[in-house]
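Peer 1: when you get a sec, could you give me coordinates for this:
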Amino acid sequence: MPDTAVVTGAARGIGRAIASRLAREGWQLVVADLDGAALAEVAEELGALAVPGDTSADAGVRHLVETAYAHLGHVDVFFANAGIGTLAGLDAADEQWARALDTNVLAHVRAARLLVPRWLEAGGGRLVVTASAAGLLSMLGDAPYSVSKHAAVAFAEWLSATYRHRGIVVQAICPQGVQTRMLEESGPLQELLTRDRTVSPDEVAEAAWQALAGDDFYVLPHPEVRDYYAQRAAHPDAWIAGMNRLQQKLDHQTSTAHATPSSTPNEENA
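Peer 2: Have a look, this model is predicted:
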């Protein structure tokens, strides 16, 4: 079993849970996040090295990888976990698209550029991408998130198909609703994301930990996602029609909320 890892987006949520799970097993860790203060607390708790910074930018990824190798000597597993949503559709600005693509896709590409040559020389390595079920099933209400997560899955598939025979293991974690800040801030999408059961970050981390024992590409904390994915592939028009019905429900909920007197939100927040 490997014993060193880098985890991005580790200050909270899934990233923190994955880092905590590895720390309990005695792994040596480097953790990264934009939120330096929260990251420092996590690092102190886990005995990890904190590398605050923007891991969506090339310079940030390069600094993280170089620091990790200097500190750990080698990196067995890189958890590309950091991700963002926008809650925007066609109104998403180019800057929002760029940020989502940088964080949710190109961060993985930039990490792989640096890691894969080292892993090929060392005889192996593992990249684990937190891609979301949105990368398999689409995501209503957030075009940049849906598109970028599809791209994250596609890049991970390409990487696995290209390098699997040379010792590079690539895995994609694809949960649905997870009890994180992103879910709490999802607004009208929260009901949609919680139609099936939500899982805790610790449950996702446990699924990721179990997956390290093998090389299965998909890691599905919600097993039903496999059936949904099969239905989508077998009946694409029916799947899209069903998604549109869900969108109509969201449209109705949004219009009803806008028609509600302004006093109601205050009562709900009380």
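Peer 1: sheet-wise, list the partners of the helix or strand harbouring L29 with their directions.
Peer 2: Counting by DSSP states H and E, the element that carries L29 is strand 28-33. Here strand 28-33 has these sheet partners by DSSP bridges: strand 4-8 (parallel), strand 49-52 (parallel).
Peer 1: how about the helices of the stretch 151-270 of the chain, start to end?
Peer 2: Applying DSSP state H, counting those that start in this stretch to the stretch 151-270 of the chain gives helices spanning 181-184, 189-193, 201-211, 224-234, 236-259, 263-269.
Peer 1: how about the strands paired with strand 28-33, which one is nearest T103?
Peer 2: Closest to T103 of these, according to C-beta to C-beta: strand 4-8, at 9.6 Å. Where you see a C-beta, it was placed from the backbone N, CA and C, and this is true even at glycine.
Peer 1: return the set of buried residues in the helix or strand following that closest one.
Peer 2: Counting by DSSP H and E, the next helix or strand C-terminal to strand 4-8 is helix 13-24. For helix 13-24, the neighbour count (16 or more other C-beta atoms under 10 Å) marks G13, I14, G15, R16, A17, I18, A19, S20, R21, L22, A23 as buried.
Peer 1: thinking again about what came up before, mean pLDDT lowest for which of the helices of the stretch 151-270 of the chain?
Peer 2: Note on the helices of the stretch 151-270 of the chain: helix 263-269 shows the lowest mean pLDDT, a mean of 29.
Peer 1: pull the number of nearby residues for the residue nearest to A152 when sequence neighbours are not counted.
Peer 2: Closest residue to A152 apart from its sequence neighbours, by C-beta to C-beta, 6 or more residues apart in numbering: A131 at 4.5 Å. Residues within reach of A131, counting by other C-beta atoms under 10 Å, total 31.
Peer 1: swap in the one 4 residues further on?
Peer 2: Neighbour count for G135, taken as other C-beta under 10 Å: 26.
Peer 1: how near is it to A100?
Peer 2: Separation of G135 from A100 (C-beta to C-beta, to the nearest Å): 12 Å.
Peer 1: dihedrals phi and psi, the residue nearest the centre of the chain?
Peer 2: Closest to where the C-alpha atoms of the chain average out (C-alpha atoms, centre = their mean) is T130, at 3.1 Å. With angles defined as degrees, to the nearest 10, T130 sits at phi -90, psi 100.
Peer 1: ok, it touching A10?
Peer 2: No. Contact criterion C-beta atoms under 8 Å: T130 and A10 do not qualify, at 11.3 Å.
Peer 1: got the CA positions of the strand holding L29 in CSV?
Peer 2: The C-alpha atoms that make up strand 28-33 are tabulated as CSV, following Å, rounded to 0.1, in the frame of the first residue of the first chain:
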residue,chain,number,x,y,z
GLN,A,28,2.7,11.1,5.2
LEU,A,29,0.7,14.0,3.8
VAL,A,30,1.0,17.3,2.0
VAL,A,31,-2.3,19.3,2.0
ALA,A,32,-3.3,22.3,-0.1
ASP,A,33,-6.1,24.8,-0.2
